[in-house]
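Engineer: Please find the sequence and the predicted model below.
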Amino acid sequence: MRLPQRLLLAAALGAFAARRALRSPYDLTGKSVLITGGSRGLGLALAHELTARGARVMLLARDSGELERAARNLRAEGATVHTVTADVTVPADLERAVEETARVYGGLDVVVHSAGLIQVGPLENMTEEDFREIMEVNAFAALRLTRVALPLLRARRGRILLITSVGGKVAVPHLAPYSVSKFAAVGLGQALRAELAREGIGVTTVCPSLMRTGSPRHAEVKGQQRKEYTLFATLDNLPVVSLEAAEAARRIVNALVRGDAEAMIGGPALLLRYAQALAPQLTADVMALTNRVLPGPTPSTQGVKGASAETPITLRNPLKRAAEAEWNER
């Protein structure tokens with residue numbers, strides 16, 4: 001056998017072995033998990049799912065009041081949970097959070113980057129600063145967190161879970177900064193998976209579609225704010241179109257346990273992924289047509305929180321209000 005053939009065979013066998021190792025079921029019992037954005041929404045739903053499977057969690061968020069409410073809720077179910085007040089855009093805060101997790105639990109097994117921003121509105125109303133701000137939270141924070149946690153993850157042959165979005169596969173109208181940041185996060189997940197596999201560290205990137213987490217209240221809304229928010233909040237809580245948060249968390253943690261490289265969460269996410277892969281031109285045309293029926297831009301680039309753009313339609317939505325109450329969004 002010639003040398004190039006031997007090298008190819010060795011590479012193939014190595015890839016197969018790495019795949020088997022990273023896709024072997026990962027037992028979460030007793031594992032220590034750091035969750036950014038863990039005080040509410042999907043991050044809190046993930047905390048519930050992870051602790052139900054025996055993990056011990058450290059919740060990271062900026063609001064100490066939200067963290068305490070989330071921790072009380074989890075402890076009432078018998079979970080082992082601690083909290084750390086920190087900002088994912090501040091490197092020193094991430095270092096402190098990782099150190100605190102290792103101090104409390106004696107090490108770190110899994111990091112989950114669930115913290116995220118979302119801005120809703122026409123591209124014309126978005127500024128360059130909007131793009132920079134969302135990239136810091138949705139993409140660069142994930143990179144910084146991984147780098148800080150790597151020494152501890154190497155010691156435990158740990159796992160990394162990145163929460164991205166179907167918006168990281170297909171750019172959705174009126175979510176331009178969000179889609180750009182999520183495309184970056186998906187690319188980061190693929191790069192980390194390839195480079196950390198040889199160290200026994202598994203990286204799973206998940207791309208959910210709409211989920212009923214109650215999070216639209218915290219979105220920044222621009223353009224025709226009340227129209228934009230009504231549409232966004234309604235779709236986010238529409239049965240069939242959106243996925244219940246606890247079910248989304250279950251599927252996401254299943255992907256982590258299986259060691260999946262990438263997982264689409266929800267039917268719409270799968271549909272859009274395959275549409276983009278099989279018919280990119282048609283998908284682009286559909287998105288362009290969709291944009292034509294959305295509210296037009298306004299002269300101002302000023303944004304407001306979704307909670308300030310509520311309408312009678314959104315206030316009366318029972319699924320929306322139930323999600324907000326359940327996942328600590330109020």
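Structural biologist: Here it is on my side, so go on.

Engineer: Give the burial count for residue 289, as a bare number.
Structural biologist: If you count neighbours by other CB atoms under 10 Å, residue 289 ends up with 10. Backbone N, C-alpha and C define where each C-beta goes, glycine included.

Engineer: Please report the distance of it from residue 282.
Structural biologist: 11 Å (CB to CB, to the nearest Å).

Engineer: Which residue ranges of the stretch 101-250 of the chain form helices?
Structural biologist: For the stretch 101-250 of the chain, the helices defined by DSSP state H, counting those that start in this stretch occupy 128-135, 141-156, 176-196, 225-236, 245-258.

Engineer: could I get those helices as CSV with distance to residue 330?
Structural biologist: Output for the helices of the stretch 101-250 of the chain, formatted as CSV (distance: least, CB to CB, whole Å):
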stretch, distance to residue 330
helix 128-135, 23
helix 141-156, 25
helix 176-196, 23
helix 225-236, 14
helix 245-258, 15
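
Engineer: Among those helices, single out whichever gets nearest to residue 302.
Structural biologist: Proximity to residue 302 (CB to CB) singles out helix 225-236 among the helices of the stretch 101-250 of the chain, at 8.9 Å.

Engineer: Work out the gap between that closest one and the centre of the chain.
Structural biologist: Taking the mean of its C-alpha atoms, helix 225-236 sits 21 Å from the chain's own mean (CA atoms, centre = their mean, to the nearest Å).

Engineer: who's in contact with residue 192?
Structural biologist: 146, 160, 162, 203 (CB atoms under 8 Å, 6 or more residues apart in numbering).

Engineer: Give me the pLDDT value at the first one.
Structural biologist: Put plainly, it is residue 146. pLDDT recorded at residue 146 is 98.

Engineer: Likewise for the third one?
Structural biologist: The pLDDT attached to residue 162 in the predicted structure is 98.

Engineer: returning to what we had before: wait, which of the contacts of residue 192 is closest to residue 48?
Structural biologist: Nearest to residue 48 among the contacts of residue 192: residue 162, at 19.3 Å, using CB to CB.

Engineer: is it true that that closest one touches residue 189?
Structural biologist: Yes: under the criterion of CB atoms under 8 Å, residue 162 makes contact with residue 189 at 4.6 Å.

Engineer: More neighbours: which of the two?
Structural biologist: Taking neighbours as other CB under 10 Å, residue 162 and residue 189 compare with residue 162 leading, 29 against 26.

Engineer: how close does that one sit to residue 205?
Structural biologist: Relative to residue 205, and taking CB to CB, residue 162 is found at 5 Å.
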